[in-house]
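**Q** Any chance you can model this:
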Amino acid sequence: MATPSSPCSSYGGTMFNRNDYAIQWNREHPDEHRKHCRDWARRHPVENRKRSSEWQKGNPDKARCRLQAWRDANRDKKREQDRRRLTKKRGANGSHTLDDFKVLCQLFRGRCVKCLKVKPLTRDHIVPISKGGTDNIDNIQPMCQSCNSSKSDNTADYRLIAQRLRIR
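**A** Just a heads-up that it's a prediction; the model follows:
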């Protein structure tokens, strides 16, 4: 329980500092406090960005540790962010999400569309971005790393072959 900050002579009781009460409530109700903070951040994006920036400048070591912890806990999201940034930097139009790619991989039952083996899959642009291709899901085919590397920047669509062979 919070400690009294000063006696209250008019009521004969003890007065608590408002900050002490808020801190105590936040500790006792962490989920509600977190929700309240997120709601406030959504309603005040500019102020939230400013507060966040000031905190990061005042706590560079903590900020770096938090960022690294997030990256370690969210490797797929970080990889997806990097992929999108590079694709945008290369001037590609269109986009697709990680979920779109996962659905595409499921459509081909987790197999490479070129060698038809079950291996970890990578995104291959049918028409390479370097040759004016887009980053839309309809220009993506799932390929293993070795097949994707051997294809290089050629334009080849293996999806029809894989569908005709009825991947099972």
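**Q** Quickly find the element holding residue 142.
**A** Applying DSSP states H and E as the criterion places residue 142 in strand 140-144.
**Q** Who are the packing partners of that strand?
**A** The contact analysis (3 or more C-beta pairs under 8 Å, 6 or more residues apart in numbering; DSSP states H and E) places strand 140-144 against helix 98-107, strand 121-125. From N, CA and C alone the C-beta is placed, and that goes for glycine too.
**Q** how about stretch 105-115: buried residues?
**A** Within stretch 105-115, the residues scored as buried using 16 or more other C-beta atoms under 10 Å are 105, 108, 111, 112, 113, 114.
**Q** do the same with stretch 133-147
**A** Neighbour counts over stretch 133-147 (16+ other C-beta under 10 Å) mark 133, 134, 135, 137, 139, 140, 141, 142, 143, 144, 147 as buried.
**Q** got the CA coordinates for that stretch in PDB?
**A** Output of stretch 133-147 as PDB, limited to C-alpha atoms (Å, rounded to 0.1, in the frame of the first residue of the first chain):
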ATOM      1  CA  GLY A 133       8.900  -6.900 -62.000                       C
ATOM      2  CA  THR A 134       6.600  -6.100 -59.100                       C
ATOM      3  CA  ASP A 135       6.500  -7.300 -55.500                       C
ATOM      4  CA  ASN A 136       2.900  -8.400 -55.800                       C
ATOM      5  CA  ILE A 137       2.100 -11.900 -54.700                       C
ATOM      6  CA  ASP A 138       1.100 -12.900 -58.300                       C
ATOM      7  CA  ASN A 139       4.800 -12.300 -59.300                       C
ATOM      8  CA  ILE A 140       6.100 -14.500 -56.500                       C
ATOM      9  CA  GLN A 141       6.800 -18.300 -56.500                       C
ATOM     10  CA  PRO A 142       8.200 -20.300 -53.600                       C
ATOM     11  CA  MET A 143      11.600 -21.800 -54.300                       C
ATOM     12  CA  CYS A 144      14.400 -23.400 -52.200                       C
ATOM     13  CA  GLN A 145      17.500 -21.300 -51.900                       C
ATOM     14  CA  SER A 146      19.600 -23.400 -54.300                       C
ATOM     15  CA  CYS A 147      16.900 -23.300 -57.100                       C
END
